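Participant: let me see the structure of the following:
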Amino acid sequence: METAIPMQGTRRKGRAIPFNIPILLTWMRVALIPLVVGVFYLPTSWLSLHTQNIWATTFFVVAAITDWFDGYLARRWKQTSAFGAFLDPVADKLMVAGALVVLIQLDRIYAVLGFVIIGREIAISALREWMAGIGKSRSVAVSSAGKVKTISQMLAIPMLLYYDNFIGLPIGMIGSWLLVLAAVLTVWSMLYYLRRAWPLMKERQ
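Facilitator: Numbers count the residues shown, from 1 in each chain. Purely as a prediction, here's the structure:
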């Protein structure tokens, strides 16, 4: 989701450093990433594992909410910008990658799932940058499979961070299956984007 650039701001080398509420929310999301990861490094004498799960889940959910809210405010206040378009997906990918890495370390997901999801994000980001460079960014617009992948992923990660049963439901198991679904859709959507971009790549060889 895009964030914004204000008319006024701190200046450096003649240019304003973007800072307003949507941008602040995006920076808050970045700041929450080390909290999601770091809470699991606290001694269990300070916080039990169950409490760590709760805090990590809370931090991640709050970060996910800011992801929607900053984009909503930027569009409503007509403050979208190139800087916001850059910072927002970076924050999203750092948030997901950080959570997946800690889940691998906690042995709650297979490393291959994390590798597939993170690797796809790197590959598609590079592809979109290349497509934008040749003026064909619309050719790699978000697909329906990509949207479902994102929903599955954003439901799976907080469930896996929480991991404990909740009102009798096996939250960890449900999260595991949702992440498998997200990984399958990750591969599917990546192949879709590559197929759309392949004719353009051949033209420029």
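
Participant: pLDDT averaged over stretch 172-191 - what is it?
Facilitator: Stretch 172-191 shows a mean pLDDT of 92.

Participant: same question for stretch 55-66.
Facilitator: Stretch 55-66 comes out at a mean pLDDT of 93.

Participant: can I get it in CSV, CA atoms only?
Facilitator: Only the C-alpha atoms of stretch 55-66 are listed here, as CSV (Å, rounded to 0.1, in the frame of the first residue of the first chain):
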residue,chain,number,x,y,z
TRP,A,55,3.4,-10.8,22.4
ALA,A,56,4.9,-11.8,19.0
THR,A,57,1.5,-12.4,17.6
THR,A,58,0.3,-9.0,18.9
PHE,A,59,3.2,-7.2,17.4
PHE,A,60,2.7,-8.9,14.0
VAL,A,61,-1.0,-8.2,13.9
VAL,A,62,-0.5,-4.6,14.8
ALA,A,63,2.1,-4.3,12.0
ALA,A,64,-0.3,-5.9,9.6
ILE,A,65,-3.1,-3.5,10.6
THR,A,66,-0.8,-0.5,9.9
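
Participant: show me the strands in the protein, by range?
Facilitator: In the chain, strands defined by DSSP state E lie at 10-12, 15-17, listed in chain order.
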